[in-house]
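J.: whatever this is, show me its structure:
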Amino acid sequence: MDFGRSTVIRDLSFDINRGETFGFLGSNGSGKTTTIRALLGIYQPTAGLLHINGKPFSPEDGATLGYLPEERGLYKKESVIDVMTYFGRLKGLSRSNAHSWSLQYLERVALADKAKVRLDKLSGGQQQKVQARRHDHE
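T.: Sure thing, here's the model as predicted:
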């Protein structure tokens with residue numbers, strides 16, 4: 001993958017089988033985030049092929065992938081339910097379906113009492129639970 005005159009990723013290849021846990025490690029600037037963003041369809045690779053489940057990647061496949069970075073991309077001054085509903089809307093759910101799915105999820109992970117709490121008032125682990133499911137609204 002190129003950005004202007006800089007090549008960020010060259011000759012990268014790896015396989016992850018269904019059900020496997022995969023750790024993607026490397027030094028700062030080695031292309032980890034760029035690779036994940038290409039897999040999620042945020043960046044379009046300048047060369048090479050991306051395959052997901054043995055098929056060439058297409059941008060609509062990005063909705064089936066999730067990624068949980070250490071740095072949370074959450075709106076910390078908003079309430080848990082508002083942020084979760086917002087991400088559900090981004091995934092194509094109606095407002096009511098996104099809201100109801102979010103409440104059900106919060107119940108399952110024992111955070112129902114935190115629905116109206118600002119995200120910055122949650123512990124790091126609680127924030128991770130919220131972020132872990134922002135990609136999963138099926």
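
J.: how does this structure divide into domains?
T.: Taking automatic domain parsing as the reference, the chain has its domains at 1-67, 80-132.

J.: so residue 17 lies in a helix, does it not?
T.: No: with DSSP: H, G, I helix; E, B strand; the rest coil as the criterion, residue 17 is located in coil rather than a helix.

J.: tell me where the protein has strands.
T.: Secondary structure of the chain by DSSP state E: the strands cover 2-3, 6-7, 51-52, 55-56.

J.: so which of these comes closest to residue 90?
T.: strand 51-52 (20.0 Å; CB to CB). Heads up, the C-betas are built off the backbone N, CA and C, glycines and all.

J.: make JSON lines out of the domains of the chain and add mean neighbour count and mean pLDDT.
T.: Formatted as JSON lines, these follow (neighbours: other CB atoms under 10 Å; pLDDT from 0 to 100):
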{"stretch": "domain 1-67", "mean neighbour count": "12", "mean pLDDT": "77"}
{"stretch": "domain 80-132", "mean neighbour count": "16", "mean pLDDT": "89"}
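
J.: thinking again about what came up before, and of the strands of the chain, who's closest to residue 79?
T.: The nearest among the strands of the chain, by CB to CB, is strand 51-52 at 33.7 Å.

J.: that closest one: how far from the chain's middle?
T.: 17 Å (CA atoms, centre = their mean, to the nearest Å).

J.: all helices for this structure, in order.
T.: 32-39, 80-90, 95-108, 124-132 (DSSP state H).

J.: got the contact list for the closest residue to residue 1 other than its chain neighbours?
T.: Leaving aside its sequence neighbours, residue 1 sits nearest to residue 9 (CB to CB, 6 or more residues apart in numbering; 4.4 Å). Contact analysis of residue 9 by CB atoms under 8 Å, 6 or more residues apart in numbering lists 1, 31, 34, 35, 38, 45.

J.: please repeat the previous calculation with a cut-off of 6 Å.
T.: 1, 31, 34, 35 (CB atoms under 6 Å, 6 or more residues apart in numbering).
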